[in-house]
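In: generate coordinates for the sequence data below:
(one chain, ligands or ions: 1)
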Amino acid sequence: VSPADPIRRVEVRTVRLPLAHPVRTAAHLGTHLDHVLVRLTTAAGLTGLGHVFAFGARQAGALAALAADLGERVVAGLDPADPASIWTRIRDDLLFLGRRGAALMAASAVDTAVWDLHGKLEGRPLWAILGDGRDRFPCYASDRLWLGTEAGELEEEARALVDEGYRAIKLRVGSADLDRDERRLAAVREAAPGAEVMVDANHGWTVEQALEAAERFAPYDVHWFEEPVDPDDYAGTAAVARASRIPIAGGESWYSREENDRALALDAVSILMPDLARIGGVSPWRDAVATASERRVLVSPHLFPEVQLHLLGGVAAPGPLEYVPWNAGLFAEPPEPAGGVLTASDRPGLGLEFHPAVFPA
Ligand SMILES: [Mg+2]
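Out: Numbers count the residues shown, from 1 in each chain. Coordinates of the predicted model:
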């Protein structure tokens, strides 16, 4: 049976946008993001969009080339009424380059665009198709309190975030000097006494350092301790989790259900944080959180709030969304948090359109 409305056109663009607050973690440093935008158009003229980002134009160029190749060679001509069969073709094709890393990130932008088209064909928002009907979730502030910021300025930032309505805020830690991070945490805790405060070490520490940090941070009522050590060190993460009085979070650096399940089997994390891009898009995301859902482990998506907002209603124990405004400049009407809550639109699919300044129609 030939598709009623096959995918005909594949467009990929890269765009560099400045960050309102430069990123600095134990693993990242950047004043700009290089975004890769994918737009698929069907024979009847429906459009679906997806996006990923990189730190640097050359990485973005590589992702864009991979996405254009997948789109034109594998996905063009297929039927967006059936995203699962399109994903099967993408997944089969990925084996050559590998089902991890850049190839999977590029696939995520294509798969997300296919799902956006699917929602538009159905005339329903993705949250209504993929979740339990919830269209709004709490989010936490993740765009300030970076690793380069010292006590003093941190207190101002924490108070500003609470004034914006956030009830949960995340501090980057992972400094070589643990005394410094303890002072920074104490400052944030004091400036935002009513807020949930999370810390994220961005895998900057050894197991020994992370164990000491968990001990020293415990008195500050920390809501979770994220990526204490190298995420490939599952046993080390589990060792920190066993000793820590603060719940351990992680998952943004795991690329599959198998990797997530390996961590869950070791009780290495009590909050799982799938990243839309690194997990490969909407299709594999749903599979990747299945074990967490069975075990009622909290799922708190990493970045991509405007897309993962649509997926979170499909898990048994939704945690908060991570809000950063990094992608907001890409869209004409992006969802924006109000009172620490992010609400999806009622428009079909993702309910997003690229801003004409970054991707002309
Ligand atoms: Mg993180």
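In: now do residue 151 against residue 67, distance only.
Out: Distance, residue 151 to residue 67, by Cβ to Cβ, to the nearest Å: 42 Å. For the C-beta atoms, the positions are set from N, CA and C on the backbone; glycine is no exception.
In: the two: which is more packed in?
Out: Neighbour totals were compared for residue 151 and residue 67, and residue 67 leads with 29 against 15 (other Cβ atoms under 10 Å).
In: relative to residue 301, how far out is the more buried one?
Out: Using Cβ to Cβ, residue 67 is found at 21 Å from residue 301.
In: over to residue 100?
Out: Using Cβ to Cβ, residue 100 is found at 19 Å from residue 301.
In: neighbour count winner among those two?
Out: Using other Cβ under 10 Å as the criterion, residue 100 and residue 301 rank with residue 301 on top: 29 against 15.
In: the more buried one against residue 273, yeah?
Out: Yes: using Cβ atoms under 8 Å, residue 301 is in contact with residue 273, at 6.7 Å.
In: can you pull the residues that touch both of these two?
Out: Here residue 301 and residue 273 have residue 322 as joint contacts, going by Cβ atoms under 8 Å, 6 or more residues apart in numbering.
In: quick one, helices of the stretch 51-200 of the chain?
Out: 57-69, 83-94, 101-122, 126-130, 153-163, 178-191 (DSSP state H, counting those that start in this stretch).
In: let me know which of the ones you listed is the nearest to the ion.
Out: helix 178-191 (15.1 Å; Cβ to the ion).
In: my guess is residue 336 meets residue 328, correct?
Out: Yes: Residue 336 lies in contact with residue 328 (Cβ under 8 Å); the separation is 7.1 Å.
In: more neighbours: these two, which one.
Out: residue 328 (17 against 12).
In: and the nearest residue to that one once chain neighbours are set aside, how many neighbours?
Out: Sequence neighbours aside, residue 334 is the residue nearest to residue 328 in space, at 4.3 Å (criterion: Cβ to Cβ, 6 or more residues apart in numbering). Residues near residue 334, counting by other Cβ under 10 Å, number 18.
In: wait, what's in contact with residue 334?
Out: Contact partners of residue 334, counting by Cβ under 8 Å, 6+ apart, are 306, 325, 327, 328, 352.
In: low-confidence ranges in the protein?
Out: 1 (pLDDT under 70).
In: please name the nearest non-neighbouring residue to the closest residue to the ion within it.
Out: Ranked by Cβ to the ion, the top residue of the chain for proximity to the ion is residue 200, at 4.3 Å. What sits nearest to residue 200 in space, not counting adjacent residues and going by Cβ to Cβ, 6+ apart, is residue 226, at 3.9 Å.
In: any idea how far residue 241 is from the one you found?
Out: Taken as Cβ to Cβ, the span from residue 226 to residue 241 is 12 Å.
In: neighbour count for the two, which is higher?
Out: Between residue 226 and residue 241, counted using other Cβ under 10 Å, the more crowded position is residue 226 (28 against 23).
In: so what's that one bridging to?
Out: Residues in a beta bridge with residue 226, per DSSP bridges, are residue 200, residue 249.
In: how about it, what does it touch?
Out: Shown in contact with residue 226 (Cβ under 8 Å, 6+ apart): 170, 198, 199, 200, 201, 202, 248, 249, 250, 271, 273.
In: isn't residue 72 up against residue 10?
Out: Yes: Residue 72 lies in contact with residue 10 (Cβ under 8 Å); the separation is 5.0 Å.
In: so between these two, which is more surrounded?
Out: A count of neighbours by other Cβ under 10 Å puts residue 10 above the other of residue 72 and residue 10, at 21 against 13.
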